[in-house]
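J.: Mind looking at a prediction? Sequence and model below.
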Amino acid sequence: MEDKPIMGEWEAFEDIKTWINSSPHPYLRGHLFHGVLQFPSPYLLAHPAKLNEILRSNAIDLATFKPEAFPLITDFKVKVTVDVGDFSHPEPDLRFRAAFLSDSLGALAGVEGGWPESYYSEPLLRDHFCIPWGNFAQPYYEFDQGFALLIAEDDGFVYILEGDDDKIGTVGYEVWFKVESERYFSQWLQAIQLCHEQLCE
C-alpha cells in the first residue's frame, strides 16, 4: 500500500482483503457515544455526582475485556479517502473516511462508512481535527446501524474493537486487536500530513 491518501470514493477500498479474528471477542457491551461525554449536557454539569456515576458505569469492564488476549498488529496503518469539493469556496468541502489497514492482513476496522457525519465531514486542513481516542476510564465509542467501534488506550497500547451494534450484546466484537500507542498516533499524523500536502498542492 502506498503511503499516500486514497483520493476519490469509498469504493477505493473494495479491492483490499478484509481480516477478522478467528472468533469474536466476548466483550458483550457497548458504551456511551463519545460526544455525550465530550460535551456533557447542562443538566449533568449541574449534577456532578450523576455525571461521575455515569462515567464510572461507562468504564471498560476489565474482567471481560481481557487486554492480554488482544493480538498485536505491528504494521498498522491509517488511510483515508477524500472527496474534494469546490475549491473556489472559501471553505472547500473536504469529506473523508478513515480505514485501519495492515500490509500483511488487509483491512482491519474503521470501514463500512461507520464514521458519523460530524466526523468524516471535518475539514482535514483545520488545526482542530481530533484523532479518535479514549482510555479505559472513558472509551471512544461510535455506533451506527450495523456498526460499532470502540477505541481505548492503556499502558502503551491502543485497543480497537469493531462489530455489529445489533450483535455486540450476544456475540461480541468480530474484529479486535491492539496497536502500540506510538504507532497509532504516528500513523494518524502521517495520514493527515499526507492529505494536507496533496490537498494543498
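T.: Perfect, thanks for sending it.
J.: next structured bit after the lowest-mean-pLDDT helix or strand in the chain?
T.: Using mean pLDDT, DSSP states H and E, the weakest-scoring helix or strand in the chain turns out to be helix 117-120, at a mean of 40. Next along the chain after helix 117-120, taking DSSP states H and E as the criterion, comes strand 140-144.
J.: mind listing what's buried in that next one?
T.: 140-143 (16 or more other C-beta atoms under 10 Å). For every residue, glycine as well, the C-beta is placed using N, CA and C.
J.: out of these, which one sits closest to Ala109?
T.: Ala109 lies nearest to Glu142 out of the buried residues of strand 140-144, by C-beta to C-beta, at 10.7 Å.
J.: Which secondary structure element is home to the residue nearest to the closest one when sequence neighbours are not counted?
T.: By the measure of C-beta to C-beta, 6 or more residues apart in numbering, the closest residue to Glu142 outside its immediate chain neighbours is Leu149, 4.5 Å from it. Assigned by DSSP H and E, Leu149 belongs to strand 147-154.
J.: which secondary structure elements does that strand contact?
T.: Under the contact criterion of 3 or more C-beta pairs under 8 Å, 6 or more residues apart in numbering; DSSP states H and E, strand 147-154 touches strand 140-144, strand 157-163.
J.: pull the longest helix from the protein.
T.: In the chain, taking DSSP state H as the definition, the longest helix is helix 181-199.
J.: In CSV: the helices and strands packed on strand 147-154, plus distance to Ser41.
T.: Output for the helices and strands packed on strand 147-154, formatted as CSV (distance: least, C-beta to C-beta, whole Å):
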stretch, distance to Ser41
strand 140-144, 17
strand 157-163, 27
